[in-house]
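>>> Make a model of this:
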Amino acid sequence: EALYWAFTTMTTVGYGDVLPYEDGGRLYATIMMIIGATMFSYIVGSASSIVTNEKSGEKQAKERLLSLYNYCSDRGVSKPLEKRLKRNLNF
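Numbering: from 1, shown residues only. Here you go, the predicted model:
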């Protein structure tokens, strides 16, 4: 009972009105709670990874633009050519 109670509490499933009274039912419920928590964690982790990767792409684009700006400033590139380079960098 203690193990079932611990898993029910950790996974925040709650206790509800229907409880398993036999060991087999508790084992099944515990396994299902573990599977449910694992699937939820995977989904949240995947969504978080997608958001992080998108922000990483934006950061890389800003870094490339800054590098181009610094290069153009250091080399004395004309403004029209600098505009064309920036426009091509965005593609």
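
>>> Please make it C-alpha for all contacts and neighbour counts, starting now.
Noted.

>>> In the chain, where is pLDDT below threshold?
Along the chain, segments meeting pLDDT under 70 span 1-2, 14-18, 91.

>>> could you point out the longest helix in it?
Longest helix in the chain, counting residues (DSSP state H): helix 23-75.

>>> Tell me which helix or strand comes right after that helix.
helix 79-90 (DSSP states H and E).

>>> what angle separates that next one from helix 23-75?
On the basis of axes from the mean of the first three to the mean of the last three Cα atoms, to 10 degrees, helix 79-90 is oriented at 160 degrees to helix 23-75.

>>> Who are the packing partners of helix 79-90?
helix 23-75 (3 or more Cα pairs under 8 Å, 6 or more residues apart in numbering; DSSP states H and E).

>>> Contacts only, for the nearest residue to Leu27 once chain neighbours are set aside.
In space, Leu27 comes closest to Tyr4 once its chain neighbours are excluded; the distance is 7.5 Å by Cα to Cα, 6 or more residues apart in numbering. When contacts are counted by Cα atoms under 8 Å, 6 or more residues apart in numbering, Tyr4 touches Arg26, Leu27, Ala29, Thr30.

>>> Tell me which helix or strand Tyr4 sits in.
Secondary structure (DSSP H and E) places Tyr4 in helix 2-10.

>>> Distance from stretch 24-32 to the middle of the chain?
Mean-position distance between stretch 24-32 and its chain equals 30 Å (Cα atoms, centre = their mean, to the nearest Å).

>>> List the contacts of it.
With Cα under 8 Å, 6+ apart as the criterion, stretch 24-32 contacts Glu1, Tyr4, Phe7, Thr8, Pro20.
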